[in-house]
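In: based on what follows, work out the 3D shape:
(one chain, ligands or ions: 1)
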Amino acid sequence: MKASTLRADIARTLFQVLEQGHSLRELMPALQAKHKEQDRAWLQEMLYGVLRQLPILQYWLRQLLNKPLKSNQKVIEHLILLGFYQLAFSRVSQHAAVAETVGACQELKCPGLKGLVNACLRNFIRQEMQDKQPDDAQIRSGLPKWLFKKLQQAYPDKLDDLSQAMNSKAPIWLRVNQARVNPSEFCQALDEQGIQYRVPDDKQPALILSKGYDLTQLPGYQQGWFAAQDGAAQQAATLLAPQSKDRVLDACAAPGGKTCHLLELQADIECLALDSDATRLQRVEENLQRLGHHAQVICGDAADPSSWWDGKPFDRILLDAPCSATGVIRRHPDIKWLRKGTDIPPLVELQRRILAAVWPMLKPGGTLLYATCSILPDENREQVKQFLANHPDAVLSPLHAQDSTDNPGWQILPGEGQMDGFYYARLIKS
Ligand SMILES: C[S@@+](CC[C@H](N)C(=O)[O-])C[C@H]1O[C@@H](n2cnc3c(N)ncnc32)[C@H](O)[C@@H]1O
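Out: Down below sits the predicted model:
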């Protein structure tokens, strides 16, 4: 594939995300399929890189482009941002970055803008723009304004480290399926194929791959020896700790990462995997099948149990609630630009409704684990605080020394222990 075609495709994809609100989850499969194996990693790195560094790239663009381009030429602005990204953050030679970015104008059906793109990139080099940093801390943070403000309020002392972690590349974690393979046997199989990995120093059956591999080509993929799952998400099953014969509800289960882990920890539970999204539930079925587990899979609204619950109470409930996903931005940088500050109050309300609806299904003495991949206190600590205040039969079961009713739960921030941002609070019904 020509280098300019790759760049044109990246510019089009940026346009679809940033101007049309499509997610990379929707767009990436077709984009990857169009390009050869050897180009895919580069393509992803450039695309994710621009989304990570967008505010500073736009800041430079504002200095070098006199006025914004017309809407039918907007894709060329995204092409220029890609050119800036290559010049400032990648190892692509300056000559290739300029020539091939300019070349992409033809493919984007804007040959008349070649001169403008060329001038912007050459001025970028001449004026050493990459050394020009704005005074505005929000632009330097790489975060959108609304999120910067919220994080500034929530984590004033940690904001620099936090934004840096949110803009860095996430490692690929694997969870070894101990129901299928012994972790040391799996490691041996990886060693034999020269796959590089490290084992984080704690008790989970987890590995971190040292670079990007095609997971379907790793040993034991078809046999269900492992699943990709971040270290923070791997805490859920252990914290809920299902016991033999327990009836367990995974209330927001798709795509089933935590459902499978629960079954790996304790095979003889009666597990009900619920989700309101029928398409995503197919992934639960596929994951259960590949990893060799069994659960009852139901499509239903967790906030409305009357439509699917048989009335039998649960010993344990996992509520991995729909959330802002602000904890996994390093993995999905498009979230920064697709989410808006106005999305947060309705999400908090949905979480509140689901929590209140699943609580009556828990047996007295039973355990509920509330989880989100968010780092916003409204969805986490404040949500649980309110729940505790409104439910006198709910008792906090602390996950660490600072976990108290005033400051409930365990907030993991992105990058801590190489994990994604995640939140857990464990509640017992008295
Ligand atoms: C964070 S994801 C769950 C991830 C999953 N637990 C795992 O580990 O693979 C949240 C899920 O909640 C589901 N969801 C959203 N609203 C729901 C509702 N009212 N009832 C049930 N599921 C819902 C979404 O479809 C989504 O699959």
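
In: please count neighbours and contacts with C-alpha atoms only from this point.
Out: Fine.

In: now do the SS call for the residue lying closest to residue 295 once chain neighbours are set aside.
Out: Closest residue to residue 295 apart from its sequence neighbours, by C-alpha to C-alpha, 6 or more residues apart in numbering: residue 271 at 5.1 Å. Counting by DSSP: H, G, I helix; E, B strand; the rest coil, the backbone at residue 271 sits in strand.

In: isn't residue 271 up against residue 296?
Out: Yes. Counting by C-alpha atoms under 8 Å, residue 296 is a contact partner of residue 271 at 6.2 Å.

In: returning to that earlier point: does the residue nearest to residue 295 have beta-bridge partners, and which?
Out: Here residue 271 sits in beta bridges with residue 248, as judged by DSSP bridges.

In: which residues touch it?
Out: Neighbouring residues of residue 271 by C-alpha atoms under 8 Å, 6 or more residues apart in numbering: 247, 248, 249, 250, 259, 263, 294, 295, 296.

In: and for residue 15?
Out: 74, 75, 78.

In: try it again with 7 Å
Out: Under the criterion of C-alpha atoms under 7 Å, 6 or more residues apart in numbering, the neighbours of residue 15 are 75, 78.

In: for it, what are phi and psi?
Out: Per-residue torsions, residue 15: phi -60, psi -40 (degrees, to the nearest 10).

In: please spell out the PyMOL selection for the buried subset of the contacts of residue 271.
Out: To isolate the buried members of those in PyMOL, using 16 or more other C-alpha atoms under 10 Å:
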select buried, resi 247+248+249+250+259+263+294+295
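
In: same list (the contacts of residue 271) but as JSON lines, adding distance to residue 137 and pLDDT.
Out: Shown next, in JSON lines, are the contacts of residue 271 (distance: C-alpha to C-alpha, whole Å; pLDDT from 0 to 100):
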{"residue": "247", "distance to residue 137": "49", "pLDDT": "98"}
{"residue": "248", "distance to residue 137": "46", "pLDDT": "98"}
{"residue": "249", "distance to residue 137": "44", "pLDDT": "98"}
{"residue": "250", "distance to residue 137": "40", "pLDDT": "98"}
{"residue": "259", "distance to residue 137": "41", "pLDDT": "98"}
{"residue": "263", "distance to residue 137": "45", "pLDDT": "98"}
{"residue": "294", "distance to residue 137": "50", "pLDDT": "97"}
{"residue": "295", "distance to residue 137": "48", "pLDDT": "98"}
{"residue": "296", "distance to residue 137": "49", "pLDDT": "98"}
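
In: closest one of the contacts of residue 271 to residue 98?
Out: residue 259 (48.4 Å; C-alpha to C-alpha).

In: residues contacting that closest one?
Out: 250, 253, 273.

In: the ligand: which of those is nearest?
Out: residue 253 (4.1 Å; C-alpha to the nearest ligand atom).

In: now do the contacts for that closest one.
Out: 259, 273, 274, 275.

In: again, but for residue 414
Out: 162, 165, 166, 327, 420, 421.

In: count of residues packed around the third one?
Out: Each residue near residue 166 was counted by other C-alpha atoms under 10 Å, and the total is 28.

In: do the first one as well
Out: Residue 162 is surrounded by 18 other residues when neighbours are defined as other C-alpha under 10 Å.

In: am I right that it falls within a strand?
Out: No. Using three-state DSSP, the assignment for residue 162 is helix, not a strand.

In: what residues are up against it?
Out: Taking C-alpha under 7 Å, 6+ apart, we find residue 162 in contact with residue 414.

In: now it: how far from residue 340?
Out: 19 Å (C-alpha to C-alpha, to the nearest Å).

In: buried set for stretch 289-301?
Out: 290, 291, 292, 293, 294, 295, 297, 298, 299, 300, 301.
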